[in-house]
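S.K.: Pasting the sequence and the predicted model now:
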Amino acid sequence: MIRRVSAAIAAGLLVAAGLAGCGGDSGSGSGNDDGKITMGFAQVGAESGWRTANTKSIQESAKAAGIELKFSDAQQKQENQIKAIRSYIAQKVDVIAFSPVIESGWDQVLKEAKDAEIPVILTDRAVDSKDTSLYETFIGSDFVLEGKKAGEWLVEDSKAAKGPVNVIQLEGTTGAAPANDRKSGFADAIKADPKIKVVASQDGDFTRAKGKEVMEALLKAHPETNVLYAHNDDMGLGAIEAIEAAGKKPGVDIKIVTVDAVKDGMTALSEGKINFIVECSPLLGPQLMDLAKQVVDGKKVEKRILTEETTFTQEQAKAALPERKY
Ligand code: AHR
């Protein structure tokens, strides 16, 4: 920290002497000369079990890689993330990484980082910026594919169903990439079976509490519901409480498919309260630190790095649970 303050003062002196423009240490443009990479990470929040595991992965991997991490929690608010990114720019970190709360509205702050010659890595969630030169790379899942896998499972599972399949969809935070993409992937897949109809679809903000609250209301409005598709485990787990409170059996009266595969979700799956989970891996830390080292070194990296993921049935969840890390 002290070293960074002196680096900032030194950079200020360079400006005063009319020598600014070449940055401090080689390749980073950060003014840091201690050889240690400093990363500013603007996290979405702590909305879910997935996010907690993701934060842990990033913090532990930074430590293991010898990267100094400046970490902020935006509490699911874009304005907080923008403030955090601006503060990382002012602190002249070597690299900025963040998981954007929503997809739109990033161009200005990303341009500020680019002008300051600080490389940006997107993790987990995408931005919709047309100018892809505003970030170095994007590491994370294919959310459309996740939604598609959930829909394909439902199409297969509904083959035996005689009557209509009425789905309540609990969406992630409005405007977030996983909410947009998991919705569209699912919608595409269920087109294969006209019996399947989404009777209600509402924002549950990726949290357990909101999942419960929204499910309570939607169940009253749509008692004919026999399937729940939740964009993450936490909303599904909250909804299970609402289903039980309404005197129905989760996994039987209302079949449930979710995304993530965190321990609590996998436990509910192994108990038959959830019927199928599409995995979304939060363990992005090690790869993120490797990428950070490369971009700070000025190396070219792949623009899109996809996370490998699977799906789980009840039997598969039972087998995987003892080794599950998050
Ligand atoms: O962006 C990843 C999603 O965000 C996870 O599926 C969800 O649990 C989290 O809140």
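M.R.: Arrived safely, thanks for sending. Residues are numbered from 1 along each chain as shown.
S.K.: For the strand or helix carrying L269, give me every contacting residue.
M.R.: Element membership of L269, judged by DSSP states H and E, is helix 263-270. Residues from elsewhere that reach helix 263-270, judged by Cβ atoms under 8 Å, 6 or more residues apart in numbering: 49, 233-234, 236-237, 240, 250, 258, 274-277, 312-314, 317-318, 320-321, 324, 326. In this view, the C-beta of every residue, glycine as well, is placed from N, C-alpha and C.
S.K.: mind giving me the domain split of the protein?
M.R.: 20-141+282-308, 143-280 (automatic domain parsing).
S.K.: Pick the most deeply packed of the ones you listed.
M.R.: Mean neighbours per residue, mean count of other Cβ atoms under 10 Å, is largest over the domains of the chain for domain 143-280, with a mean of 21.
S.K.: Quick check: mean pLDDT of that one?
M.R.: Domain 143-280 carries an average pLDDT of 98.
S.K.: Columns distance to the ligand on top of the domains of the chain, output as a markdown table?
M.R.: As requested, the domains of the chain are arranged in a markdown table below (distance: least, Cβ to the nearest ligand atom, whole Å):
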| stretch | distance to the ligand |
| --- | --- |
| domain 20-141+282-308 | 3 |
| domain 143-280 | 4 |
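S.K.: could you dump the strand or helix carrying E244 to PDB, C-alpha only?
M.R.: Per DSSP H and E: E244 is located in helix 233-245. Once non-C-alpha atoms are left out, helix 233-245 reads as follows in PDB (Å, rounded to 0.1, in the frame of the first residue of the first chain):
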ATOM      1  CA  ASP A 233     -30.300 -23.100  -7.100                       C
ATOM      2  CA  ASP A 234     -30.900 -20.400  -4.500                       C
ATOM      3  CA  MET A 235     -34.200 -19.200  -6.000                       C
ATOM      4  CA  GLY A 236     -35.200 -22.900  -6.400                       C
ATOM      5  CA  LEU A 237     -34.500 -23.500  -2.700                       C
ATOM      6  CA  GLY A 238     -36.500 -20.500  -1.700                       C
ATOM      7  CA  ALA A 239     -39.300 -21.700  -3.900                       C
ATOM      8  CA  ILE A 240     -39.200 -25.200  -2.300                       C
ATOM      9  CA  GLU A 241     -40.200 -23.500   1.000                       C
ATOM     10  CA  ALA A 242     -43.100 -21.800  -0.700                       C
ATOM     11  CA  ILE A 243     -44.200 -25.000  -2.400                       C
ATOM     12  CA  GLU A 244     -44.100 -26.900   0.900                       C
ATOM     13  CA  ALA A 245     -46.000 -24.100   2.700                       C
END
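S.K.: Just give me the longest helix of the protein.
M.R.: In the chain, assigned by DSSP state H, the helix with the most residues is helix 49-65.
S.K.: Summarise which helices and strands that helix is packed against.
M.R.: strand 38-43, strand 68-73, helix 233-245, helix 263-270, helix 285-296 (3 or more Cβ pairs under 8 Å, 6 or more residues apart in numbering; DSSP states H and E).
S.K.: got the ones you listed as a markdown table, with distance to E216 columns?
M.R.: Formatted as a markdown table, the helices and strands packed on helix 49-65 follow (distance: least, Cβ to Cβ, whole Å):
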| stretch | distance to E216 |
| --- | --- |
| strand 38-43 | 29 |
| strand 68-73 | 28 |
| helix 233-245 | 4 |
| helix 263-270 | 18 |
| helix 285-296 | 36 |
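S.K.: Compare these and give me the one nearest E156.
M.R.: Nearest of these to E156, taken as Cβ to Cβ: helix 263-270 at 16.5 Å.
S.K.: ok and that closest one relative to helix 233-245, angle-wise?
M.R.: 50 degrees (axes from the mean of the first three to the mean of the last three Cα atoms, to 10 degrees).
S.K.: Could you spell out the sheet neighbours of the very next helix or strand once past helix 263-270, each with its direction?
M.R.: Next along the chain after helix 263-270, taking DSSP H and E as the criterion, comes strand 276-279. For strand 276-279, the paired strands and their directions (DSSP bridges) read strand 255-260 (parallel), strand 311-312 (antiparallel).
S.K.: quick one on the thing from earlier: how far off centre is the helix holding L269?
M.R.: Here the centre of mass of C-alpha atoms in helix 263-270, compared against the chain's by Cα atoms, centre = their mean, to the nearest Å, lies 19 Å away.
S.K.: With only the CA atoms kept, save that helix in PDB.
M.R.: The C-alpha coordinates for helix 263-270 follow below in PDB (Å, rounded to 0.1, in the frame of the first residue of the first chain):
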ATOM      1  CA  LYS A 263     -24.000 -28.100  -2.300                       C
ATOM      2  CA  ASP A 264     -27.400 -27.000  -1.000                       C
ATOM      3  CA  GLY A 265     -28.900 -27.500  -4.500                       C
ATOM      4  CA  MET A 266     -27.200 -30.900  -4.900                       C
ATOM      5  CA  THR A 267     -28.500 -32.000  -1.500                       C
ATOM      6  CA  ALA A 268     -32.100 -31.100  -2.400                       C
ATOM      7  CA  LEU A 269     -31.600 -33.000  -5.700                       C
ATOM      8  CA  SER A 270     -30.300 -36.000  -3.900                       C
END
